[in-house]
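Chemist: Return a 3D structure for these sequence lines:
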Amino acid sequence: MSHRLRTSLSAVAAVAVIVSLSAVPAAAQSDAPRTAWGQPDLQGVWDFRSITPLQRPERLADQEFLTEEEAAELEQAAVARDVEAWNREARRTEAGGNVGAYNNFWMDRGQKAVGTRRTSLIVDPPNGRMPEQTTEAQQRADAGRDYRRDHPADGPEDFSSGVRCILGFNAGPPFTPSAYNNNMQLFQTPDHVVIMTEMVNTARVIPLDGRPGLTPDVLQWSGDSRGHWEGETLVIETRNFAPKRKWRGTTDSMHLVERLTRLDAETLLYEFTVTDPETWTSPWTAAVPLVLNPEQMFEYACHEGNYAMAIMLAGTREEEKAAADQP
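Modeler: Below you'll find the model as predicted:
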(Lines give C-alpha, C1' and ligand atoms only; values in the text may rest on other atoms or scores of the structure.)
Protein backbone atom coordinates (compact mmCIF):
# COMPACT_ATOMS: atom_id res chain seq x y z
CA MET A 1 0.00 0.00 0.00
CA SER A 2 1.35 3.47 -0.80
CA HIS A 3 0.78 6.96 0.45
CA ARG A 4 1.66 10.24 -1.17
CA LEU A 5 1.11 13.93 -0.57
CA ARG A 6 -0.58 15.66 -3.48
CA THR A 7 -1.17 19.20 -2.26
CA SER A 8 -0.69 20.70 -5.69
CA LEU A 9 -3.04 18.19 -7.27
CA SER A 10 -5.76 18.98 -4.75
CA ALA A 11 -5.58 22.60 -5.79
CA VAL A 12 -5.83 21.64 -9.44
CA ALA A 13 -8.77 19.30 -8.76
CA ALA A 14 -10.81 22.09 -7.29
CA VAL A 15 -10.94 23.91 -10.62
CA ALA A 16 -9.96 21.27 -13.13
CA VAL A 17 -13.29 20.54 -14.77
CA ILE A 18 -15.76 23.30 -15.59
CA VAL A 19 -17.46 21.64 -18.56
CA SER A 20 -20.55 19.44 -18.35
CA LEU A 21 -19.72 15.79 -17.78
CA SER A 22 -22.50 14.71 -20.15
CA ALA A 23 -21.13 16.55 -23.19
CA VAL A 24 -17.58 17.57 -24.15
CA PRO A 25 -17.35 20.59 -26.49
CA ALA A 26 -14.61 20.46 -29.10
CA ALA A 27 -13.16 23.72 -27.82
CA ALA A 28 -12.37 22.07 -24.49
CA GLN A 29 -9.85 19.85 -26.26
CA SER A 30 -7.93 22.54 -28.12
CA ASP A 31 -5.00 22.38 -25.70
CA ALA A 32 -4.95 18.59 -25.38
CA PRO A 33 -1.62 17.01 -26.45
CA ARG A 34 -1.40 14.55 -29.32
CA THR A 35 0.78 11.54 -30.05
CA ALA A 36 3.42 11.43 -32.79
CA TRP A 37 0.90 9.46 -34.90
CA GLY A 38 -1.82 12.09 -34.49
CA GLN A 39 -4.18 10.59 -31.90
CA PRO A 40 -5.13 12.40 -28.68
CA ASP A 41 -2.40 11.58 -26.15
CA LEU A 42 -4.05 9.93 -23.15
CA GLN A 43 -0.82 8.72 -21.54
CA GLY A 44 0.20 9.43 -17.99
CA VAL A 45 -0.63 8.64 -14.38
CA TRP A 46 -4.17 9.79 -13.63
CA ASP A 47 -5.59 10.52 -10.18
CA PHE A 48 -9.30 9.72 -9.76
CA ARG A 49 -9.76 10.71 -6.11
CA SER A 50 -13.01 12.50 -5.30
CA ILE A 51 -15.28 12.95 -2.30
CA THR A 52 -18.26 13.15 -4.65
CA PRO A 53 -20.23 9.93 -3.99
CA LEU A 54 -21.01 7.47 -6.76
CA GLN A 55 -24.73 7.71 -5.97
CA ARG A 56 -26.58 10.89 -5.04
CA PRO A 57 -27.60 10.94 -1.38
CA GLU A 58 -31.34 10.39 -1.12
CA ARG A 59 -31.74 13.56 0.94
CA LEU A 60 -30.68 15.62 -2.11
CA ALA A 61 -33.56 14.17 -4.18
CA ASP A 62 -33.53 15.92 -7.59
CA GLN A 63 -30.67 18.33 -6.80
CA GLU A 64 -28.16 17.69 -9.58
CA PHE A 65 -25.54 20.26 -8.53
CA LEU A 66 -24.25 21.70 -5.28
CA THR A 67 -24.06 25.43 -4.78
CA GLU A 68 -20.60 26.90 -4.25
CA GLU A 69 -21.38 27.20 -0.54
CA GLU A 70 -22.55 23.58 -0.30
CA ALA A 71 -19.47 22.32 -2.13
CA ALA A 72 -17.23 24.34 0.22
CA GLU A 73 -19.03 22.87 3.24
CA LEU A 74 -18.64 19.33 1.85
CA GLU A 75 -14.91 19.86 1.29
CA GLN A 76 -14.43 21.42 4.74
CA ALA A 77 -16.19 18.42 6.28
CA ALA A 78 -13.74 16.14 4.48
CA VAL A 79 -10.82 18.11 5.91
CA ALA A 80 -12.36 17.93 9.39
CA ARG A 81 -12.76 14.15 9.11
CA ASP A 82 -9.11 13.81 8.17
CA VAL A 83 -8.00 15.98 11.09
CA GLU A 84 -10.15 13.95 13.48
CA ALA A 85 -8.72 10.69 12.11
CA TRP A 86 -5.16 11.96 12.48
CA ASN A 87 -5.78 12.82 16.13
CA ARG A 88 -7.71 9.68 17.04
CA GLU A 89 -6.15 7.19 19.44
CA ALA A 90 -4.78 4.03 17.81
CA ARG A 91 -7.13 1.05 17.68
CA ARG A 92 -4.94 -1.91 18.56
CA THR A 93 -5.72 -5.43 17.52
CA GLU A 94 -7.18 -7.59 20.27
CA ALA A 95 -7.23 -11.38 20.14
CA GLY A 96 -10.81 -12.56 19.66
CA GLY A 97 -12.14 -9.00 19.42
CA ASN A 98 -11.33 -5.65 17.82
CA VAL A 99 -9.26 -6.15 14.68
CA GLY A 100 -7.86 -2.63 14.78
CA ALA A 101 -7.66 -0.27 11.83
CA TYR A 102 -5.32 1.66 9.57
CA ASN A 103 -4.52 5.13 10.82
CA ASN A 104 -5.16 8.10 8.57
CA PHE A 105 -1.64 7.99 7.12
CA TRP A 106 -2.83 5.25 4.75
CA MET A 107 -6.06 6.93 3.63
CA ASP A 108 -6.17 9.03 0.48
CA ARG A 109 -9.82 9.71 -0.28
CA GLY A 110 -9.17 13.28 -1.36
CA GLN A 111 -10.78 16.44 -0.05
CA LYS A 112 -12.36 17.84 -3.20
CA ALA A 113 -15.65 17.34 -5.00
CA VAL A 114 -15.68 17.10 -8.80
CA GLY A 115 -15.21 20.52 -10.38
CA THR A 116 -18.73 20.63 -11.80
CA ARG A 117 -20.13 20.35 -8.24
CA ARG A 118 -22.31 17.41 -9.25
CA THR A 119 -24.01 15.69 -6.34
CA SER A 120 -23.07 12.24 -7.70
CA LEU A 121 -20.68 10.64 -10.14
CA ILE A 122 -23.67 8.89 -11.72
CA VAL A 123 -25.06 11.18 -14.42
CA ASP A 124 -27.75 8.83 -15.76
CA PRO A 125 -30.42 8.02 -14.55
CA PRO A 126 -31.15 11.69 -13.85
CA ASN A 127 -31.74 10.98 -10.16
CA GLY A 128 -28.02 10.20 -9.83
CA ARG A 129 -28.63 6.72 -8.47
CA MET A 130 -28.35 3.17 -9.79
CA PRO A 131 -31.52 1.77 -11.33
CA GLU A 132 -33.61 -0.71 -9.40
CA GLN A 133 -32.26 -4.22 -9.21
CA THR A 134 -34.10 -6.99 -11.00
CA THR A 135 -35.97 -9.61 -8.98
CA GLU A 136 -33.32 -12.16 -9.94
CA ALA A 137 -30.53 -9.89 -8.67
CA GLN A 138 -32.29 -9.39 -5.36
CA GLN A 139 -32.69 -13.15 -5.02
CA ARG A 140 -28.98 -13.67 -5.77
CA ALA A 141 -28.06 -11.06 -3.18
CA ASP A 142 -30.29 -12.68 -0.54
CA ALA A 143 -28.86 -16.14 -1.28
CA GLY A 144 -25.32 -14.78 -1.14
CA ARG A 145 -25.94 -13.09 2.20
CA ASP A 146 -27.37 -16.30 3.66
CA TYR A 147 -24.41 -18.32 2.37
CA ARG A 148 -21.85 -15.90 3.81
CA ARG A 149 -23.59 -16.04 7.17
CA ASP A 150 -23.35 -19.83 7.28
CA HIS A 151 -20.03 -20.21 5.42
CA PRO A 152 -17.87 -17.17 6.24
CA ALA A 153 -14.54 -18.88 5.54
CA ASP A 154 -14.81 -22.48 4.38
CA GLY A 155 -12.03 -21.75 1.91
CA PRO A 156 -10.31 -18.85 0.09
CA GLU A 157 -13.12 -18.64 -2.48
CA ASP A 158 -15.53 -17.43 0.23
CA PHE A 159 -13.64 -14.12 0.42
CA SER A 160 -14.07 -11.30 -2.08
CA SER A 161 -11.61 -10.73 -4.90
CA GLY A 162 -10.44 -7.62 -3.04
CA VAL A 163 -9.72 -9.47 0.20
CA ARG A 164 -7.95 -12.16 -1.83
CA CYS A 165 -5.83 -9.46 -3.52
CA ILE A 166 -6.86 -10.58 -7.01
CA LEU A 167 -8.44 -7.24 -7.92
CA GLY A 168 -8.32 -3.93 -6.10
CA PHE A 169 -11.62 -2.75 -4.62
CA ASN A 170 -11.40 0.43 -6.72
CA ALA A 171 -9.87 -1.19 -9.83
CA GLY A 172 -13.06 -2.45 -11.46
CA PRO A 173 -13.30 -2.17 -14.33
CA PRO A 174 -14.84 0.33 -14.18
CA PHE A 175 -12.56 2.03 -11.67
CA THR A 176 -14.16 4.32 -9.09
CA PRO A 177 -12.81 6.51 -6.24
CA SER A 178 -12.27 4.77 -2.91
CA ALA A 179 -10.15 4.91 0.25
CA TYR A 180 -6.64 4.90 -1.25
CA ASN A 181 -4.46 4.19 -4.31
CA ASN A 182 -6.84 6.07 -6.61
CA ASN A 183 -4.47 6.09 -9.56
CA MET A 184 -4.31 4.51 -12.98
CA GLN A 185 -1.62 4.70 -15.64
CA LEU A 186 -2.37 4.62 -19.35
CA PHE A 187 0.15 3.54 -22.01
CA GLN A 188 -0.59 4.03 -25.70
CA THR A 189 0.60 2.82 -29.11
CA PRO A 190 -1.13 3.16 -32.49
CA ASP A 191 -2.83 -0.24 -32.11
CA HIS A 192 -3.01 -0.87 -28.33
CA VAL A 193 -3.63 0.89 -25.04
CA VAL A 194 -2.82 -0.48 -21.61
CA ILE A 195 -4.75 0.65 -18.53
CA MET A 196 -3.09 -0.28 -15.23
CA THR A 197 -4.64 0.55 -11.87
CA GLU A 198 -2.33 1.09 -8.90
CA MET A 199 -4.45 -1.09 -6.61
CA VAL A 200 -3.08 -4.64 -7.02
CA ASN A 201 -1.33 -3.50 -10.25
CA THR A 202 -4.13 -4.77 -12.51
CA ALA A 203 -3.32 -4.20 -16.21
CA ARG A 204 -5.65 -4.49 -19.20
CA VAL A 205 -4.07 -4.74 -22.65
CA ILE A 206 -6.69 -3.39 -25.07
CA PRO A 207 -6.35 -3.93 -28.85
CA LEU A 208 -7.44 -1.11 -31.17
CA ASP A 209 -6.98 -3.04 -34.43
CA GLY A 210 -10.54 -4.32 -34.87
CA ARG A 211 -9.85 -7.93 -33.93
CA PRO A 212 -12.91 -9.89 -32.72
CA GLY A 213 -13.53 -10.48 -29.04
CA LEU A 214 -13.21 -13.80 -27.25
CA THR A 215 -15.99 -16.35 -27.52
CA PRO A 216 -18.68 -15.94 -24.82
CA ASP A 217 -17.54 -19.01 -22.88
CA VAL A 218 -14.09 -17.51 -22.10
CA LEU A 219 -14.60 -15.41 -18.96
CA GLN A 220 -11.93 -13.26 -17.31
CA TRP A 221 -11.55 -11.36 -14.04
CA SER A 222 -11.33 -8.01 -15.86
CA GLY A 223 -13.35 -9.04 -18.89
CA ASP A 224 -12.31 -8.95 -22.55
CA SER A 225 -11.75 -5.42 -23.87
CA ARG A 226 -11.65 -3.97 -27.40
CA GLY A 227 -11.15 -0.30 -28.21
CA HIS A 228 -11.75 2.13 -31.04
CA TRP A 229 -11.69 5.87 -31.62
CA GLU A 230 -14.81 8.00 -32.03
CA GLY A 231 -13.39 11.37 -32.99
CA GLU A 232 -11.32 12.59 -30.04
CA THR A 233 -12.67 9.98 -27.63
CA LEU A 234 -11.27 6.50 -26.99
CA VAL A 235 -14.15 4.06 -26.58
CA ILE A 236 -13.50 0.71 -24.85
CA GLU A 237 -16.11 -2.05 -24.85
CA THR A 238 -15.68 -4.93 -22.42
CA ARG A 239 -17.61 -8.19 -22.13
CA ASN A 240 -16.94 -11.71 -20.81
CA PHE A 241 -16.70 -10.70 -17.15
CA ALA A 242 -16.34 -13.61 -14.73
CA PRO A 243 -19.13 -13.34 -12.12
CA LYS A 244 -16.71 -14.66 -9.47
CA ARG A 245 -15.17 -11.20 -9.29
CA LYS A 246 -18.44 -10.21 -7.53
CA TRP A 247 -18.48 -6.59 -8.76
CA ARG A 248 -21.75 -5.15 -7.44
CA GLY A 249 -23.50 -8.47 -7.98
CA THR A 250 -23.11 -8.42 -11.77
CA THR A 251 -23.25 -11.47 -14.04
CA ASP A 252 -21.46 -12.60 -17.20
CA SER A 253 -24.12 -10.66 -19.14
CA MET A 254 -22.51 -7.36 -18.10
CA HIS A 255 -21.45 -5.05 -20.93
CA LEU A 256 -19.20 -2.12 -20.06
CA VAL A 257 -18.53 0.89 -22.30
CA GLU A 258 -15.79 3.28 -21.16
CA ARG A 259 -15.02 6.62 -22.82
CA LEU A 260 -11.80 8.58 -22.26
CA THR A 261 -11.46 12.14 -23.57
CA ARG A 262 -8.40 14.37 -23.00
CA LEU A 263 -9.89 17.75 -22.16
CA ASP A 264 -6.63 19.63 -21.66
CA ALA A 265 -3.06 19.14 -20.47
CA GLU A 266 -4.19 18.30 -16.91
CA THR A 267 -7.60 16.64 -17.28
CA LEU A 268 -8.87 13.34 -18.66
CA LEU A 269 -12.63 12.73 -18.58
CA TYR A 270 -13.54 9.13 -17.79
CA GLU A 271 -17.13 8.08 -18.47
CA PHE A 272 -18.57 4.60 -18.25
CA THR A 273 -21.91 2.93 -18.91
CA VAL A 274 -22.83 -0.38 -17.31
CA THR A 275 -25.49 -2.64 -18.84
CA ASP A 276 -26.48 -5.90 -17.15
CA PRO A 277 -30.15 -6.83 -17.70
CA GLU A 278 -29.80 -9.64 -15.16
CA THR A 279 -28.82 -7.16 -12.43
CA TRP A 280 -30.41 -3.77 -13.15
CA THR A 281 -33.64 -2.80 -14.88
CA SER A 282 -31.80 -0.30 -17.11
CA PRO A 283 -28.23 0.81 -17.91
CA TRP A 284 -26.50 3.50 -15.83
CA THR A 285 -23.69 5.95 -16.56
CA ALA A 286 -21.10 7.71 -14.39
CA ALA A 287 -18.45 10.32 -15.17
CA VAL A 288 -15.20 10.91 -13.27
CA PRO A 289 -12.75 13.71 -14.15
CA LEU A 290 -9.16 12.50 -13.74
CA VAL A 291 -6.28 14.83 -12.85
CA LEU A 292 -2.76 14.31 -14.20
CA ASN A 293 -0.46 13.09 -11.43
CA PRO A 294 3.22 14.07 -11.83
CA GLU A 295 4.32 11.18 -9.60
CA GLN A 296 5.14 7.60 -10.54
CA MET A 297 2.88 4.66 -9.83
CA PHE A 298 3.73 2.73 -6.66
CA GLU A 299 3.79 -1.03 -6.22
CA TYR A 300 0.77 -2.14 -4.24
CA ALA A 301 1.83 -4.86 -1.79
CA CYS A 302 -1.34 -6.72 -0.86
CA HIS A 303 -1.23 -9.62 1.63
CA GLU A 304 2.53 -9.65 1.21
CA GLY A 305 3.58 -13.29 1.43
CA ASN A 306 -0.15 -14.16 1.53
CA TYR A 307 0.02 -14.72 5.29
CA ALA A 308 -3.36 -13.11 5.92
CA MET A 309 -5.41 -15.75 4.10
CA ALA A 310 -3.92 -18.62 6.10
CA ILE A 311 -4.47 -16.67 9.33
CA MET A 312 -8.12 -15.87 8.50
CA LEU A 313 -8.90 -19.48 7.61
CA ALA A 314 -7.07 -20.79 10.69
CA GLY A 315 -8.96 -18.37 12.90
CA THR A 316 -12.29 -19.61 11.58
CA ARG A 317 -11.25 -23.22 12.19
CA GLU A 318 -10.45 -22.30 15.79
CA GLU A 319 -13.86 -20.68 16.19
CA GLU A 320 -15.53 -23.78 14.79
CA LYS A 321 -13.54 -25.98 17.16
CA ALA A 322 -14.49 -23.84 20.15
CA ALA A 323 -18.16 -23.97 19.17
CA ALA A 324 -18.02 -27.77 18.80
CA ASP A 325 -16.49 -28.08 22.28
CA GLN A 326 -19.38 -26.22 23.90
CA PRO A 327 -21.56 -28.54 26.01
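
Chemist: CA atoms for contacts and neighbours, from now on please.
Modeler: Fine.

Chemist: Looks to me like residue 291 is in a strand.
Modeler: Yes. Counting by DSSP: H, G, I helix; E, B strand; the rest coil, one finds residue 291 located in a strand.

Chemist: For residue 196, see how far away it is.
Modeler: Distance from residue 291 to residue 196, counting by C-alpha to C-alpha, to the nearest Å: 16 Å.

Chemist: Could you do residue 56 as well?
Modeler: When residue 56 is compared with residue 196 (using C-alpha to C-alpha), they lie 28 Å apart.

Chemist: out of these two, which sits in the busier spot?
Modeler: residue 56 (23 against 20; other C-alpha atoms under 10 Å).

Chemist: isn't the more buried one right up against residue 130?
Modeler: No. At 9.2 Å, residue 56 and residue 130 do not qualify as touching, with contact defined as C-alpha atoms under 8 Å.

Chemist: buried ones in stretch 139-149?
Modeler: Within stretch 139-149, no residue counts as buried by 16 or more other C-alpha atoms under 10 Å.

Chemist: Work out the gap between that stretch and the centre of the chain.
Modeler: 24 Å (C-alpha atoms, centre = their mean, to the nearest Å).

Chemist: cool, stretch 33-51 as well?
Modeler: 18 Å.

Chemist: Would you mind pulling the contact partners of that stretch?
Modeler: Residues from elsewhere that reach stretch 33-51, judged by C-alpha atoms under 8 Å, 6 or more residues apart in numbering: 32, 75, 78, 108-114, 176-178, 182-188, 190, 232-233, 260-262, 264-265, 268, 288-297.

Chemist: among those residues, which ones are buried?
Modeler: Buried subset of the contacts of stretch 33-51 (neighbour count, 16+ other C-alpha under 10 Å): 32, 75, 78, 108-114, 176-178, 182-186, 188, 232-233, 260-262, 264, 268, 288-293, 297.

Chemist: Could you list which of these belong to strands?
Modeler: 183-186, 188, 233, 260-262, 264, 268, 288-293 (DSSP state E).

Chemist: Quick one: residues contacting residue 162.
Modeler: So, once contact is read as C-alpha under 8 Å, 6+ apart, residue 162 ends up touching 168, 169.

Chemist: any idea how far residue 260 is from it?
Modeler: For residue 162, the distance to residue 260 - C-alpha to C-alpha - is 25 Å.

Chemist: How about residue 169?
Modeler: Using C-alpha to C-alpha, one gets 21 Å for the distance from residue 169 to residue 260.

Chemist: Please apply the same query to residue 273.
Modeler: For residue 273, the distance to residue 260 - C-alpha to C-alpha - is 12 Å.

Chemist: can you give me the helices in the stretch 1-150 of the chain?
Modeler: Using DSSP state H, counting those that start in this stretch, the helices of the stretch 1-150 of the chain run over 7-15, 68-87, 135-150.

Chemist: Wait, residue 250 touches residue 240, no?
Modeler: No. The criterion here is C-alpha under 8 Å, and residue 250 misses it with residue 240 at 11.4 Å.

Chemist: Please name the nearest non-neighbouring residue to residue 56.
Modeler: Nearest non-adjacent residue to residue 56, counting by C-alpha to C-alpha, 6 or more residues apart in numbering: residue 120, 4.6 Å away.

Chemist: what's the burial count for the one you found?
Modeler: So residue 120, with other C-alpha under 10 Å, has 26 neighbours.

Chemist: same deal with residue 244?
Modeler: Residues lying near residue 244 (other C-alpha under 10 Å) number 16.

Chemist: how about it, what does it touch?
Modeler: Taking C-alpha under 8 Å, 6+ apart, one finds 161, 221 in contact with residue 244.

Chemist: doesn't it fall inside a helix?
Modeler: Yes. Counting by three-state DSSP, one finds residue 244 located in a helix.

Chemist: Do you know the pLDDT at it?
Modeler: Residue 244 is assigned 90 on the pLDDT scale.
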